[in-house]
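Peer 1: Here is my input; please provide its structure:
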Amino acid sequence: MEKETTTCGLFGWRPRWIQKLARKEVYTLLYALLGAVQGMGYTYLSSCLSTIEKQFGIKSTEAAWIFSGNEISQIAFIFFLPFLRKIKRRTMWTSIALLASAFGIFLCSMPYLVRDKSQYEGGWKTQSIPTKDICADHSGREDQCKVERIRDWGGMFIIFLGFFISGIGTSFFYSFGVPYIDDNVSKNSSPIVLSVVMAGRTIGPALGYVLGGATLKMYVSPGSGGTLKEGDSGWLGAWWLGFIVIALITTVVAPFLALFPERLPSDSDTEAKRLEKERKEEPQTAREYIADTVNCAKRLLKNKVYVFNSLSTIFFLFGFIGFGTFVPKYFEYHFRRNASSSGRSGGLSKSLGSVIGILLSGVILAKFKFRARTVSFWNVIIGFGGVSFFVAMSFVACPKLEIYGGVGENLPCQESCGCSESSFQPTCSMDGETLFFSPCHAGCKEMDTEIVMKNGRKKIQKIYSDCSCVRDSAAALNMTTAEPWWKESELKSPLVGGTQLAGPPSGAVGGYCPLDCSRQFSIIIGLLTVMSLLGATGRIGNQLVSLRAVDPADKAASIIIMVSALSLFVFLPSPIIFGSIMDNACMVWGQNCGETTNCLLYDTDAMRHTLCYFVAVCILLATFSDIGVWWNCKNIEIFDEEKDETSEDVEMKNSEKQKELSP
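Peer 2: Residues are numbered from 1 along each chain as shown. Prediction:
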């Protein structure tokens, strides 16, 4: 029996050649790899969020509800706590759960795989297309509603079910994986090992953004997009492809986890050895297990360090997870980035800073062996730094897109145009700065197409002429015709280095006005990288304090309860609340045959202020909780004290203990 608990293999198959892999280094690398794959799933979804909203015609709040399946299954995980504490072969059950997770992730791609691909021919439309989009007599006009309705509730339910199943694997992975590592290594080497694991979990999100950027550069239905390129009207990225890639990697790697033993063989005195000796006194009946679980929960609730640390984690992640879910969309609409690059730019810089911070803190902690109060105080400093970062971020702004005359409003220059039913088709005056709701609202009476070279490729560009509202706006704002930016290989704003041509404009160009926001975007990326590096330096210490604050036998239970609490109070409500914040900042909603679909234009000022200040408040509350951890953790020992005692020292200590115990 002793041999089976410390040897690699499954059931009776335990070959000698595989035993050399029963080492903490091998398990740590494999667990870090699976952590990276798990992290890819979350950020891949985040990078594809705006594309999925376009695919299904849903609002940000509705998208958050659909993706909540993962959290609902993790909340249900806590009800199995009495039985989960009975599991001895944690690696095997984690492997099985991850295979179930792979199936759930693959299920998320099914709405595309079973869909009629002919709908994607020539481009994907989220709005019904009017028969006339210029200023004209629109009497008797009818919208073309021949496109199949976008809202596919059946497909969205399949994605919800897929995330629900994947949540099972996530729960097992985090609830059993970290305690297994911490139980099988000495306390003094724990920081280095945990830093490798956390680095893997941090690299994963970066890879998820890279995967999202790669798939979104491909058209949703390969070969059906014709001459469409990313950024064109009707472009929809291949959001479904990444789910298949992540599911495939998980399916290949997860089975190897099941080969690891119940306890890794070691000459050191580890928690796993001590727990194995104490296992003989474990309760045997179901009633005893439930009573033992209740007692465990009571011990954890009375543990002030555990409670304050849990509150800190909940408050911090409430702000961070919600913001992280929508940050690619924030970059896309606020800085006018492509969907494929918006997640990749921020994700790579953030993950790079985090990996450096985690590995650096692991080495420093292992070398200097700081006390728990020192580690906790550093987390307080980081917390106040995080609040300052998001307050500063609220001041880094790009010019808000202002629609001349308001959203869908009628001006005197367009009274005879019949624009009341025009759909949102951004149209820029040839002054390069004035944006109109549609060519009809610009008062344009003629339309022509021009084949132009842009970014090294040919593109069909709509050119409008005889635009009465363009002339009126130019006179009111004293604007002149700008250099034709739509023909340049590099998109340059007339506000930044563009040249003005003589005479007021009378025409317009289809699409948004050019905007150069690269300087502000670079500032945000730089701040995000620095903050990620500093913030990551506190993660290892925070994890160690949390693990050392509880009894070794309660370690797995403490993480199971934490995972369920985070799902209930963070991962479920946070994206929904942040999705509501995004929806409230929407200025123009898409319309498809009477149905309201996804948002097309946001009030970026309202979006930025609400998001940044909300996250700052969440981090401030987390920092106050960290102060509670710092105040109560003075008796916690993160590391084993190095002792070189003689037999006389031992006898003296034993005699002193006996004197203390004697009446």
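
Peer 1: Surely residue 34 is in contact with residue 257?
Peer 2: Yes - with contact defined as C-beta atoms under 8 Å, residue 34 reaches residue 257; the gap is 6.8 Å. All C-beta atoms are positioned from the backbone trio N, CA, C, and that covers glycine.

Peer 1: intersection of neighbour lists for the two?
Peer 2: residue 98 (C-beta atoms under 8 Å, 6 or more residues apart in numbering).

Peer 1: Helices along the stretch 301-450 of the chain, start to end?
Peer 2: 304-334, 339-368, 372-393 (DSSP state H, counting those that start in this stretch).

Peer 1: where does the stretch 151-300 of the chain dip in pLDDT?
Peer 2: 151, 187, 231-232, 266-286, 288-289 (pLDDT under 70).

Peer 1: Just the helices from it, written as ranges.
Peer 2: Using DSSP H, counting those that start in this stretch, helices in the stretch 151-300 of the chain cover 153-183, 190-216, 241-253, 271-278, 286-302.

Peer 1: Next, the buried residues of the first one.
Peer 2: Going by neighbour count (16 or more other C-beta atoms under 10 Å), the buried part of helix 153-183 is 155-156, 158-160, 162-183.

Peer 1: Okay, strands next: where are they in this structure?
Peer 2: Ranges of strands in the chain, per DSSP state E, are 129-130, 143-144, 427-429, 435-436, 444-454, 457-467, 508-510, 586-592, 595-602.

Peer 1: Can you check which of the ones you listed gets nearest to residue 413?
Peer 2: strand 457-467 (8.8 Å; C-beta to C-beta).

Peer 1: contact partners of the closest one?
Peer 2: With C-beta under 8 Å, 6+ apart as the criterion, strand 457-467 contacts 134-135, 227, 229, 232, 427, 429, 439, 442-454, 486, 506-511.

Peer 1: Of those residues, keep whichever come out buried.
Peer 2: In the contacts of strand 457-467, burial by neighbour count holds for 134-135, 427, 429, 439, 442-445, 447, 454, 486, 506-511, counting by 16+ other C-beta under 10 Å.

Peer 1: how many other residues sit next to residue 458?
Peer 2: The number of residues packed near residue 458 is 11, by other C-beta atoms under 10 Å.

Peer 1: and the gap between it and residue 519?
Peer 2: According to C-beta to C-beta, to the nearest Å, residue 458 and residue 519 sit 30 Å apart.

Peer 1: Please apply the same query to residue 96.
Peer 2: Taking C-beta to C-beta, one finds residue 96 at 51 Å from residue 519.

Peer 1: So for those two, which residue has more residues nearby?
Peer 2: residue 96 (16 against 10).

Peer 1: Excluding residues flanking it in the chain, which one is nearest that one?
Peer 2: residue 258 (7.2 Å; C-beta to C-beta, 6 or more residues apart in numbering).

Peer 1: residues touching the one you found, list them.
Peer 2: Residue 258 neighbours (C-beta under 8 Å, 6+ apart): 10, 91, 92, 95, 96.

Peer 1: still on that earlier bit, same list, the helices of the stretch 151-300 of the chain, but as JSON lines with distance to residue 398 please.
Peer 2: As requested, the helices of the stretch 151-300 of the chain are exported to JSON lines (distance: least, C-beta to C-beta, whole Å):
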{"stretch": "helix 153-183", "distance to residue 398": "32"}
{"stretch": "helix 190-216", "distance to residue 398": "21"}
{"stretch": "helix 241-253", "distance to residue 398": "28"}
{"stretch": "helix 271-278", "distance to residue 398": "52"}
{"stretch": "helix 286-302", "distance to residue 398": "46"}
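
Peer 1: how about these, which one is nearest residue 526?
Peer 2: helix 190-216 (16.8 Å).

Peer 1: list the helices and strands the closest one packs on?
Peer 2: helix 24-47, helix 153-183, helix 241-253, helix 339-368, helix 539-548 (3 or more C-beta pairs under 8 Å, 6 or more residues apart in numbering; DSSP states H and E).
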